[in-house]
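Novice: what follows is a predicted structure for the sequence shown.
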Amino acid sequence: MILKPRLEDLKIIGFYLGKIILGLACAMLLPVILGLCFWELNPVLDFSIGIVITVIFGLLLCKICYTQKDLNWMQGMVVVSLSWIAAMILAAIPLYLSGHWKFFLDACFETMSGFTTTGLTLVQDLDHLSYTHNFWRHLGPFIGGQGIAIIALSFLLKGTSGAFKVYVGEGRDEKLLPNVINTSRFIWLISVTYLIIGTIVLGVVGICIGMKPTNAFFHGACIFMAGFDTAGFAPQSQNILYYHSLIFEVITIAIMIVGSLNFNFHYQLWMGNRKETWKNIESRTFFISIMLTFFIVAIGLNQLGVYPQAIALFRKGFFQLISAHTTTGYMTIYAKQFINDWGNLALFGLICAMALGGCICSTAGGIKMLRVGIIWKALKQDLKKIIMPESAVIMEKFHHIKDVFLEDKLIRSALTITAAYIILYILGALVGMFYGYPFLESLFESTSAAANVGLSCGITDTAMPAVLKITYILQMWAGRLEFMSVFTILGFLIATLEGK
Amino acid sequence: MKIKFRLFLIIIFMLGFIPSGMLWAQGVSSNELIKNAKAYDGKLVVYTGEVIGDVMRRGQFAWINLNDGDNALGVWVDAALIKNLNFTGNYKSQGDVLEVAGQFHAACLEHGGDLDLHAQALRLVNNGRFTKRGINFAKIKLSLILLGVLFFIWILNIFKQK
């Protein structure tokens, strides 16, 4: 028998949702400060309107649903799912008011793309967008990458066991420190430290390649936030091609790789455990997977003679490949070039890289390296079972921070999530094909959305059908939350309608 | 005046080196160049767009990015040719609009495979300007109304607590 959610459940969900919305309003103050520094008054007004609406919603929810009770698992998951939807809508208000997004749905697409660290964009005339709005576009991934709900709860509440449920609901299950609030704060410490270093490095490089100092540091901060959080937004319409600089591309590659690594892995390195670099199953799988997919891309590009020199092939091919594999989405070519010039084999290599994704407990999307590693180990174990005598006991183990025995539970979990991702990629491709786009292009764009990558072969455009925009929004949302919270909210809705 | 005269001389001088094929070159859009990059590779083309973002000087040359409304293309240009650029496009200004005649590369050998244009001559089509953006009073009104609603909720909350 399905139990209908009680009024108390709704109150608890509403209260914590309200808290998260108030946290979002606090985050919106940052672009206002920047806007005042650059004296961009209309953008500041856009954000003032956005902040007041957000505060009204947050306050109403907190007051109407006031409770002192903690979240249980179901409530935590529903709060996570709803908070991402609420954040998408409320954060889109200032963007839409700027006039650079044709429809409110486009602005929602942009904010969901940012928060989920995807990077697909529907902005119009990006090259004339204000610093204030541009900063908000890039701050979104920085907030969403760490997890909207967990950030709000870690900073607005002094301590709650319910925070762990929210943490898991946002697609993370590894605790770096015993307390999840401390874990979240440590993730912030890592991110802000890297942000300062990254902004300075990119800013100095920007000046060296001829940019004005203000622009150089602004772009440095934006590129770092969107690169480290594997989002792929850039302040100019040409993305990374705008800079025409090899050194800028090399630094961006480094940022993308660092951003797609497990925070637990960062923690181990910070603690001086350098052996983890080559012992960890994720880093090994990541390295092998990059090599294999780059091999496919390179053969594809070479066959068609897209680039006349090996060095150009490596520069373009490797950048796009790393961008796809780390699920960042930065580009040094134009979207249409993927279809017009790159050919099917190179595109297939990129789609594989996007689908596989980065590491778990990072801001990267996709199936993720730990799961790929586990499935590979399971396959090896099964092959050994066939070869070895029946009486032999075969136990496979792998190293991920510590040595772990390969149990059926782990394999089942890895396979379930992998299957869910593959289904999501195919469903998105089917919707694309329904609207008349070719198979490979539809699969490319769908995988890019669901794996939170952000590379586009040109389908993502303000003129694309609204249903396709909504499909990609849902794919980005489900892909970022890794399905659990999405399944829970579906169950919650069914229980509300059919429960007793 | 002197600078303008020098620029005029440079353009005339450069035009002297342009092969005759270019004299008939038609203006092409960025969409056309990206879509048919291989067909245009190595050809002399004329492309018009607004200078956006930064002028990035690299020694005697510079990179400028020209946006024709659909895409922005990178143009590798002799720094002397863009001495008189006054405005580049951003939130506060519309950039100068330039017409560039130059060699198009689908994958430039000199620049790591970039799709770019090497300018041989350029002409200022439209002067840039500061963008006038008056304060939007409708937005101020909306902000004040919303602040009123927020204040009302706050007052209600105080009464409720009492």
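Specialist: Yep, that arrived. Numbering: from 1, shown residues only, chains lettered A, B, ... in the order given.
Novice: which parts of the stretch 251-400 of chain A sit against chain B?
Specialist: Residues of the stretch 251-400 of chain A lying near chain B by Cβ under 8 Å from any Cβ of the partner chain: A:306-309, A:311-313, A:315-316, A:332-334, A:336-337, A:340-341. Just so you know, the C-beta spots here come from the backbone N, C-alpha and C atoms, and that holds for glycine as well.
Novice: hmm, 10 Å instead?
Specialist: A:301, A:304-309, A:311-317, A:319, A:332-337, A:339-341 (Cβ under 10 Å from any Cβ of the partner chain).
Novice: please identify the helix or strand for the residue of the stretch 301-450 of chain A found nearest chain B.
Specialist: Relative to chain B, the nearest point of the stretch 301-450 of chain A is residue A:312 (3.1 Å; Cβ to the nearest Cβ). With secondary structure defined by DSSP states H and E, residue A:312 is part of helix A:310-325.
Novice: next, the buried residues of that helix.
Specialist: A:312-325 (16 or more other Cβ atoms under 10 Å in any protein chain shown).
Novice: what residues are up against the residue of the stretch 301-450 of chain A closest to chain B?
Specialist: If you count contacts by Cβ atoms under 10 Å, 6 or more residues apart in numbering or on different chains, residue A:312 has them with A:301, A:306, B:107-114.
Novice: cutoff 8 Å now
Specialist: Contacts for residue A:312 (Cβ atoms under 8 Å, 6 or more residues apart in numbering or on different chains) come out as B:107-109, B:112-113.
Novice: skipping adjacent residues, who's closest to it in space?
Specialist: residue B:113 (3.1 Å; Cβ to Cβ, 6 or more residues apart in numbering or on different chains).
Novice: neighbours of that neighbour, just the number please.
Specialist: 26 (other Cβ atoms under 10 Å in any protein chain shown).
Novice: next one: residue B:158
Specialist: 9.
Novice: SS state for it?
Specialist: Under DSSP: H, G, I helix; E, B strand; the rest coil, residue B:158 falls in the helix class.
Novice: mind checking how far it is from residue A:56?
Specialist: 16 Å (Cβ to Cβ, to the nearest Å).
Novice: list the buried residues of stretch A:67-75.
Specialist: For stretch A:67-75, by 16+ other Cβ under 10 Å, it's A:71, A:74-75.
Novice: please apply the same query to stretch B:102-109.
Specialist: By 16+ other Cβ under 10 Å, the buried positions in stretch B:102-109 come out as B:102-108.
Novice: residues of the stretch 1-150 of chain A that sit close to chain B?
Specialist: A:40-42, A:45-46, A:48-49, A:52-53, A:55-56, A:59-60, A:63, A:97, A:127-131.
Novice: these in helices, which ones?
Specialist: Those of those mapping onto helices are A:41-42, A:45-46, A:48-49, A:52-53, A:55-56, A:59-60, A:63, A:97, A:131, per DSSP state H.
Novice: just the closest of these to residue B:74, please.
Specialist: residue A:131 (22.6 Å; Cβ to Cβ).
Novice: farthest-separated two in the ones in helices among the residues of the stretch 1-150 of chain A next to chain B?
Specialist: Farthest pair in these, by Cβ to Cβ: A:63 and A:131, 35.1 Å.
Novice: neighbour-wise, which of these two wins?
Specialist: residue A:131 (22 against 17).
Novice: farthest-apart pair in the buried residues of helix A:310-325, please.
Specialist: A:312 and A:325 (20.1 Å).
Novice: after the helix or strand of chain A with the lowest mean pLDDT, which helix or strand is next?
Specialist: In chain A, no helix or strand scores lower on mean pLDDT, DSSP states H and E than helix A:148-156, which sits at a mean of 69. Counting by DSSP H and E, the next helix or strand C-terminal to helix A:148-156 is helix A:162-169.
Novice: for that following helix, packing partners?
Specialist: In terms of contacts (3 or more Cβ pairs under 8 Å, 6 or more residues apart in numbering or on different chains; DSSP states H and E), helix A:162-169 is packed against helix A:73-97, helix A:148-156, helix A:180-208, helix A:484-498.
Novice: save these as CSV, and put in distance to residue A:433 too.
Specialist: Below are those laid out as CSV (distance: least, Cβ to Cβ, whole Å):
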stretch, distance to residue A:433
helix A:73-97, 26
helix A:148-156, 32
helix A:180-208, 38
helix A:484-498, 23
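Novice: averaging pLDDT over each of these, which comes out lowest?
Specialist: In terms of average pLDDT, helix A:148-156 trails the rest of those, at a mean of 69.
Novice: what strand or helix carries the residue located most distally from the centre of chain A?
Specialist: In chain A, residue A:391 marks the outermost C-alpha relative to the chain mean, sitting 45.8 Å out by Cα atoms, centre = their mean. If you go by DSSP H and E, residue A:391 is not part of any helix or strand.
Novice: who's in contact with residue 60?
Specialist: No chain was given, so I picked chain A. Per Cβ under 8 Å, 6+ apart, neighbours of residue A:60: A:18, B:153.
Novice: not quite, go with chain B.
Specialist: Neighbours of residue B:60 in contact, by Cβ under 8 Å, 6+ apart: B:78-80.
Novice: which of the residues you listed fall in helices?
Specialist: Using DSSP H, none of those sit in helices.
Novice: show me what the longest strand along chain B is packed up against.
Specialist: What stands out as the longest strand in chain B, according to DSSP state E, is strand B:44-58. When contacts are defined as 3+ Cβ pairs under 8 Å, 6+ apart, strand B:44-58 sits against helix B:20-23, helix B:30-35, strand B:61-67, strand B:72-78, strand B:97-105, strand B:116-126.
Novice: CSV please, covering the ones you listed and showing mean pLDDT and distance to chain A.
Specialist: Output for these, formatted as CSV (pLDDT from 0 to 100; distance: least, Cβ to the nearest Cβ, whole Å):
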stretch, mean pLDDT, distance to chain A
helix B:20-23, 42, 22
helix B:30-35, 96, 5
strand B:61-67, 97, 5
strand B:72-78, 97, 5
strand B:97-105, 97, 10
strand B:116-126, 95, 8
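Novice: just name the most buried of those.
Specialist: Here the criterion is mean neighbour count by mean count of other Cβ atoms under 10 Å in any protein chain shown, and of the helices and strands packed on strand B:44-58 the winner is strand B:61-67, at a mean of 25.
Novice: tell me how chain B divides into domains.
Specialist: By the assignment in automatic domain parsing, chain B contains the domains B:2-130, B:136-162.
Novice: worst average pLDDT in these?
Specialist: Looking at the domains of chain B, the bottom one is domain B:2-130 with a mean of 87.
Novice: check which helix or strand covers the nearest residue in space to residue A:65 that is not next to it in sequence.
Specialist: Residue nearest to residue A:65 in three dimensions, not counting chain neighbours: residue A:14, with 3.2 Å by Cβ to Cβ, 6+ apart. Element membership of residue A:14 [criterion: DSSP H and E] is helix A:7-37.
Novice: buried subset of the residues of the stretch 1-150 of chain A next to chain B?
Specialist: Applying 16+ other Cβ under 10 Å to the residues of the stretch 1-150 of chain A next to chain B flags A:40-42, A:45-46, A:48-49, A:52-53, A:55-56, A:59, A:63, A:97, A:127-131 as buried.
Novice: surely residue A:112 touches residue A:477?
Specialist: Yes: applying Cβ atoms under 8 Å, one finds residue A:112 in contact with residue A:477, separated by 6.3 Å.
Novice: quick one: which of those two has more around it?
Specialist: It is residue A:112, of residue A:112 and residue A:477, that has more neighbours when counted by other Cβ under 10 Å, with 29 against 22.
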